[in-house]
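1. fold the following for me, if possible:
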Amino acid sequence: MSDDNAHNNPKSEPDPNSNAVKDPADWTTGDEPMTGAQASYLKTLSEQAKVPFDPDLTKADASKRIDELQEMTGRGR
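-> This next block holds a predicted model:
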């Protein structure tokens, strides 16, 4: 394998214009209720951060809240 192939691996250097990571505000399903996995993780993070858990968040809002709580707790780094 040449060095050229290593530098062109899309998995190691994803296209910055890719839509693989979207802002939750742009999700087509963002206004649906959060998933069970999101709820479970948010409960854990809320307990660790000692903040109330909101069971009525949408998928998009839950994603944003997870990011906030990960910052507060130091998780997800």
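
2. so, low pLDDT: which residues of the protein?
-> By pLDDT under 70, the weakly predicted segments of the chain are 1-21, 25, 27, 29-30, 77.

3. now the helices for it?
-> For the chain, the helices defined by DSSP state H occupy 3-7, 36-49, 59-73.

4. out of those, flag the one nearest residue 22.
-> Of all the helices of the chain, it is helix 59-73 that lies closest to residue 22, at 9.9 Å by CB to CB. Using the backbone N, CA and C atoms, a C-beta is placed for each residue, glycine as well.

5. give me the angle between the closest one and helix 36-49.
-> Per axes from the mean of the first three to the mean of the last three CA atoms, to 10 degrees, the angle that helix 59-73 makes with helix 36-49 is 30 degrees.

6. now for helix 59-73, which elements pack on it?
-> On a contact count with 3 or more CB pairs under 8 Å, 6 or more residues apart in numbering; DSSP states H and E, helix 59-73 meets helix 36-49.

7. list the buried residues of the helix it packs on.
-> Neighbour counts over helix 36-49 (16 or more other CB atoms under 10 Å) mark 38-39, 41-42, 45-46, 49 as buried.

8. go on, stretch 51-58?
-> 57-58.

9. quick one: contacts of that stretch?
-> 30-34, 38-39, 42-43, 46-47, 65, 69, 72 (CB atoms under 8 Å, 6 or more residues apart in numbering).

10. again, only this time at 10 Å
-> 24, 27, 29-34, 38-39, 42-47, 61-66, 68-69, 72-73 (CB atoms under 10 Å, 6 or more residues apart in numbering).

11. for residue 69, give me its contacts.
-> 41-42, 44-49, 51, 53, 75-76.

12. ok, it to residue 28 distance?
-> According to CB to CB, to the nearest Å, residue 69 stands 24 Å off from residue 28.

13. try residue 55
-> With CB to CB as the criterion, residue 55 and residue 28 are 23 Å apart.

14. over to residue 53?
-> Distance from residue 53 to residue 28, by CB to CB: 26 Å.
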